[in-house]
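S.K.: sequence first, then the predicted structure:
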There are 2 protein chains.
Amino acid sequence: METKTAPAVVITPEALFGHWQGHRNLTRRVIEAFPEKELFNHTIGGMRPFSGLAMEMIDLANPGIQGIVTEQWKAIDELPHATGEGMPETKEELLALWDETTNQINRLWPMLTPERFQETTIAFGQYEGPVWGIIFYLIDNEIHHRGQGYVYLRSLGIAPPNFWER
Amino acid sequence: METKTAPAVVITPEALFGHWQGHRNLTRRVIEAFPEKELFNHTIGGMRPFSGLAMEMIDLANPGIQGIVTEQWKAIDELPHATGEGMPETKEELLALWDETTNQINRLWPMLTPERFQETTIAFGQYEGPVWGIIFYLIDNEIHHRGQGYVYLRSLGIAPPNFWER
């Protein structure tokens, strides 16, 4: 039973998991909405194409959830989106990496102990903060770059999926 | 003292407040980064100019925090960004509305009781969900549209503020 001294529950671990995977589900549909060629070539203002932005999300989320759970962090500048090595070359390859990441999160999330969210970690060996903050950063960074993908799609005359449908 | 049966704290109300206002601080700097004319006129792919996107954020956050705290919700289609009435016409006016909203959140947040986050509300009279979910939606929607503002700025040859600086 809860007592008056129990800490306030803003969001449960289960709800945060659903929130993250809901966002990831939407981003997957944004990747799918791009024509194959434009996914890898279309840019605005010297920015990366959406494939590069999506690969950054994969690089943060997949080694990210592993680091969050195991404290074994990879260095950010050794990941594919930074080195350019091992980048997907087709939409199919990108979506396969996306789905592998989704499965990785599904597999590892249950190992996050409740205490873990308030513990401090050094993400990717260089970003120090509470675990909840790292997870929020991964989600926020995905929303940020996905919003940019919406502009890319609109500039191509393609209607993106509804933001509120997860 | 906490016991084994206490619920897991993913994020405290205070940290969520800081997270939201941190994002709002960044968005304010994105508004400032736009030249006056382009803030109101520059668009890509038929989208709204950044002033319109920022006004949507203000319309959701200001009546939003009021509704969340008091359960007195305004109808979304009666707000300035929807009706076009009362829209700011200069960057100065927009920033003044932005700062008024910041102050409103600062003033009302302390009235949010810990239990409130898990209660259900019907935001703007039509979006039903837990209070935490409504707050997350306001933040996510801001990140989404601000990311679009980054593309607008890049397309104008202007470097946006760093995403990670709040």
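M.R.: Structure's in. What do you need?
S.K.: check which helix or strand covers the closest residue to residue A:128 other than its chain neighbours.
M.R.: Leaving aside its chain neighbours, residue A:128 sits nearest to residue A:122 (4.8 Å; criterion: CB to CB, 6 or more residues apart in numbering or on different chains). All C-beta spots, glycine's among them, are computed from the backbone N, C-alpha and C. Using DSSP states H and E, residue A:122 sits in strand A:120-123.
S.K.: list the buried residues in that strand.
M.R.: Neighbour-count burial for strand A:120-123 flags A:121, A:123 (criterion: 16 or more other CB atoms under 10 Å in any protein chain shown).
S.K.: who are the packing partners of whichever helix or strand comes after it?
M.R.: For strand A:120-123, the following helix or strand on the C-terminal side (DSSP H and E) is strand A:127-130. Packing partners of strand A:127-130 (3 or more CB pairs under 8 Å, 6 or more residues apart in numbering or on different chains; DSSP states H and E): strand A:120-123, helix A:131-155.
S.K.: and the strand holding residue A:122, what does it pack onto?
M.R.: Short answer (3+ CB pairs under 8 Å, 6+ apart): strand A:120-123 packs on helix A:50-70, strand A:127-130, helix A:131-155.
S.K.: can you show me the CA trace of that strand as PDB?
M.R.: Extracted in PDB, the C-alpha atoms of strand A:120-123 (Å, rounded to 0.1, in the frame of the first residue of the first chain):
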ATOM      1  CA  THR A 120      24.100   8.700 -12.300                       C
ATOM      2  CA  THR A 121      25.800   7.300 -15.400                       C
ATOM      3  CA  ILE A 122      28.300   8.600 -17.900                       C
ATOM      4  CA  ALA A 123      26.600   7.900 -21.200                       C
END
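S.K.: quick one on the thing from earlier: just send the helices and strands packed on strand A:127-130 back as TSV, with mean pLDDT too.
M.R.: What follows is the helices and strands packed on strand A:127-130, written out as TSV (pLDDT from 0 to 100):
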stretch	mean pLDDT
strand A:120-123	96
helix A:131-155	98
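S.K.: any idea which of these is most buried?
M.R.: helix A:131-155 (a mean of 22; mean count of other CB atoms under 10 Å in any protein chain shown).
S.K.: just want the angle from that one to helix B:131-155.
M.R.: Relative orientation of helix A:131-155 versus helix B:131-155 (axes from the mean of the first three to the mean of the last three CA atoms, to 10 degrees): 50 degrees.
S.K.: do helix A:131-155 and chain B meet?
M.R.: Yes - residues of helix A:131-155 are located near chain B by CB under 8 Å from any CB of the partner chain, namely A:132-133, A:136-137, A:140-141, A:143-148, A:150-155.
S.K.: re the thing from before, the strand holding residue A:122 pairs with which strands, and in what direction?
M.R.: Strand A:120-123 sits in its sheet next to strand A:127-130 (antiparallel), going by DSSP bridges.
S.K.: show me which residues of the strand it pairs with are buried.
M.R.: Applying 16+ other CB under 10 Å to strand A:127-130 flags residue A:130 as buried.
S.K.: what sits up against that strand?
M.R.: A:117-123, A:134, A:137, B:15 (CB atoms under 8 Å, 6 or more residues apart in numbering or on different chains).
S.K.: residue A:45 and chain B, how far apart?
M.R.: Residue A:45 is 3 Å from chain B, where distance means CB to the nearest CB, to the nearest Å.
S.K.: doesn't residue B:160 make contact with that residue?
M.R.: No - using CB atoms under 8 Å, residue A:45 makes no contact with residue B:160, being 10.0 Å away.
S.K.: residues shared between the contacts of those two?
M.R.: Contact with both residue A:45 and residue B:160 is made by residues B:153-154, according to CB under 8 Å, 6+ apart.
S.K.: hmm, who's touching the helix or strand of chain A with the lowest mean pLDDT?
M.R.: When each helix and strand of chain A is scored by mean pLDDT, DSSP states H and E, helix A:80-83 comes last, with a mean of 86. Defining contact as CB under 8 Å, 6+ apart, one finds that helix A:80-83 is touched by A:52, A:55-56, A:58-59, A:76-77, A:86-87.
S.K.: now those residues: which count as buried?
M.R.: Buried members of the contacts of helix A:80-83, counted by 16+ other CB under 10 Å: A:52, A:55-56, A:58-59, A:76, A:87.
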